[in-house]
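Chemist: Here is a sequence together with a model predicted from it:
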Amino acid sequence: MSRILGFVRDLVFAQVFGASSFTDAFFVAFKIPNFMRRLFAEGAFATAFVPVLTEYRTQRDFRQLKDFVDHVAGSLGLVLLGVSLVGVVASPLIVSLFAFGWVIDGETEKLDLAAEMLRLTFPYLFFISLTAFAGGILNAHDRFAVPAFTPVLLNLVLIASALWLAPQMEQPIVALAWGVFIAGITQFVFQLPFLGQLGLVPRPRPGFHDPGVRRILKLMVPALFAVSVTQINLLLDTVLASFLVTGSISWLYYSDRLMEFPLGILGVGLATVILPRLSRRQAEAAPEKFSSELDWGLRIALTFGLPSAVGLAVLAAPTISTLFQSEVFDAHDVAMAERSLIAYALGIQAFILIKVLAPGFYARQDTRTPVRIGVIAMAANMVFNLALIFPLQHAGLALATSLSAYLNAYLLLRGLQRSGAYRPLAGWSRLLRQVGIAVVAMAAVVAWLSPGLETWVGAARTDRVIWLFGLIAAGATAYFGTLVLGGWRPRQLSHAATSGEGA
């Protein structure tokens with residue numbers, strides 16, 4: 001629901017605001033706190049908090065667990081409040097740093113508008129980080145539905161802001177910044193009753209000397225960088241794109257949003273489930289089950305991630321045209337966004353693998369190894385950026401992010417295997433062969449049936465929707481039909497840790 005409404009949200013943005021200097025300014029103002037949310041809340045904090053919380057839940061009594069939650073809430077809230085205040089006060093400076101190309105080009109109107117909106121969007125970091133804190137508690141208690149549903153509220157609020165609040169404002173795009181602020185509060189308040197059912201609504205008490213809090217802080221410091229390398233790379237894309245032609249940031253944004261759909265449904269879903277499960281296996285000192293959990297996650301990632309990547313690349317132009325094309329998002333915008341979407345799509349498999357592999361380190365409270373890997377991937381991304389931005393412009397930035405993600409995933413996998421934490425179960429060669437042949441068949445069918453870009457942009461919206469759903473259905477039929485004909489069966493993805501046997 002969250003991802004579908006996210007598409008509706010972006011469709012509304014494209015229809016109402018298009019791709020302009022105003023949308024560029026908003027996406028910068030939104031991306032900065034959103035980046036920090038993923039870095040602190042869903043990134044470093046979540047990977048440090050959930051394993052420690054799981055250990056408390058497994059090995060301590062409820063009173064100790066509640067004290068730990070209270071101290072984490074107080075410490076986290078105090079830090080977030082300070083960061084948010086600094087962000088609001090220093091918004092012009094922050095915008096200048098993250099959109100330095102505008103400073104060079106003297107685009108003061110863009111800078112001023114982005115700074116104005118950042119003052120409204122930066123407090124979102126405070127509320128959404130507390131939301132992630134609450135979600136971590138619920139996930140550690142195997143309650144995944146409420147945290148997964150919570151982003152629906154963000155999309156609903158932003159859609160309402162674009163459709164109803166924007167026409168009431170002197171500068172309509174500022175309504176979206178107000179929507180981000182309101183959505184942050186809404187998402188946090190929504191989770192409180194469900195924490196109450198567990199008896200874990202926190203009474204915030206700063207406790208930086210609490211042993212559990214100190215362990216989280218120790219784990220967070222390196223994880224701040226390592227777990228969010230992908231997000232840092234995407235943010236660097238924004239910085240470099242500010243030097244390119246107007247619209248580049250918006251084209252990258254819409255491409256990124258489409259890439260996030262399979263990543264959000266599959267990658268984030270897997271990461272959400274696998275981290276507490278791996279943490280539990282680690283606390284139980286069950287290395288074979290730990291490895292089996294990882295093996296299961298990697299099989300799911302391959303079976304559904306590879307066709308998602310190839311399918312989105314083949315259907316890049318039809319998807320963008322169907323969802324976003326309008327009077328203010330024209331055929332030129334579709335063609336430009338198609339280029340970056342293809343480049344991002346090539347990295348979807350790597351992004352999903354990272355979501356599965358990184359928890360293999362964090363569940364064992366090892367944050368140093370991913371830091372070293374993250375530094376390597378970060379440096380590689382910058383080299384790729386500089387090599388590809390000149391010949392490919394904004395699409396080069398997207399391709400650089402994808403290439404560095406594959407390097408990141410490979411090094412994570414190699415590290416887990418060398419440490420003995422992961423030992424592949426039998427059947428991988430067969431699965432790779434089956435998935436590879438099925439993906440080729442799917443791509444051939446979709447490419448053969450798909451009309452050209454000119455046909456798509458010239459067609460009525462209803463026709464584009466029907467064609468797109470038809471192509472998706474044909475591709476899915478070709479993929480799973482070829483898998484089954486090749487001998488694949490769903491039991492090959494059965495959870496080895498549960499079934500007790502390899503695939």
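Modeler: In hand now; what should we look at?
Chemist: only C-alpha atoms for contact and neighbour calcs from this point on.
Modeler: Noted.
Chemist: And residue 470, how far from residue 315?
Modeler: Separation of residue 470 from residue 315 (CA to CA, to the nearest Å): 12 Å.
Chemist: Would you mind telling me which of those two has more residues around it?
Modeler: residue 315 (21 against 15; other CA atoms under 10 Å).
Chemist: For the more buried one, list the residues it contacts.
Modeler: Residue 315 is in contact with residue 446, counting by CA atoms under 8 Å, 6 or more residues apart in numbering.
Chemist: one more time with 10 Å
Modeler: Residues in contact with residue 315 (CA atoms under 10 Å, 6 or more residues apart in numbering) are 321, 338, 341, 342, 443, 446, 447, 450, 468, 471, 472.
Chemist: from these, which two are the most distant?
Modeler: Greatest spatial distance in the contacts of residue 315: 321 and 443, 19.3 Å, computed using CA to CA.
Chemist: returning to what we had before: where do the contact lists of residue 470 and residue 315 overlap?
Modeler: 446, 450.
Chemist: Quick one, which of the contacts of residue 315 are buried?
Modeler: 321, 338, 341, 342, 443, 446, 450, 468, 471, 472 (16 or more other CA atoms under 10 Å).
Chemist: shouldn't the last one be in contact with residue 307?
Modeler: Okay, so that is residue 472. No - between residue 472 and residue 307 there is no contact under CA atoms under 10 Å: 11.0 Å.
Chemist: what about residue 136, how many neighbours?
Modeler: The number of residues packed near residue 136 is 27, by other CA under 10 Å.
Chemist: Report the distance from the helix or strand it falls within to the chain centre.
Modeler: In the assignment (DSSP states H and E), residue 136 maps to helix 124-140. Between the centre of helix 124-140 and the centre of its chain there are 15 Å (CA atoms, centre = their mean, to the nearest Å).
Chemist: ok, now stretch 338-346?
Modeler: 16 Å.
Chemist: hang on, the earlier thing: could you tell me which residues touch both of residue 472 and residue 307?
Modeler: Shared contacts of residue 472 and residue 307, defined by CA under 10 Å, 6+ apart, are found at residue 442.
Chemist: and residue 86, what element?
Modeler: Applying DSSP H and E as the criterion places residue 86 in helix 62-89.
Chemist: any idea of the angle that helix forms with helix 124-140?
Modeler: Relative orientation of helix 62-89 versus helix 124-140 (axes from the mean of the first three to the mean of the last three CA atoms, to 10 degrees): 160 degrees.
Chemist: any idea how far residue 284 is from residue 277?
Modeler: When distance is defined by CA to CA, residue 277 is 11 Å away from residue 284.
Chemist: nope, residue 154 is what I was after
Modeler: Residue 154 is 37 Å from residue 284, by CA to CA.
Chemist: Centre of the chain to the helix holding residue 86, how far?
Modeler: With CA atoms, centre = their mean as the basis, helix 62-89 stands 24 Å off its chain's centre.
Chemist: Following the chain onward from it, which element is next?
Modeler: The helix or strand immediately downstream of helix 62-89 is helix 91-98, counting by DSSP H and E.
Chemist: rewinding a little: which one among the buried ones among the contacts of residue 315 gets closest to residue 123?
Modeler: Within the buried ones among the contacts of residue 315, proximity to residue 123 (CA to CA) peaks at residue 341, which comes in at 30.3 Å.
Chemist: and residue 416, what is it in contact with?
Modeler: With CA under 10 Å, 6+ apart, residue 416 has these contacts: 291, 294, 357, 358, 360, 361, 369, 422, 423.
Chemist: Check residue 89 too.
Modeler: 115, 118, 119.
Chemist: repeat that for 8 Å
Modeler: residue 119.
Chemist: Distance of it relative to residue 82?
Modeler: Per CA to CA, residue 89 is found 11 Å from residue 82.
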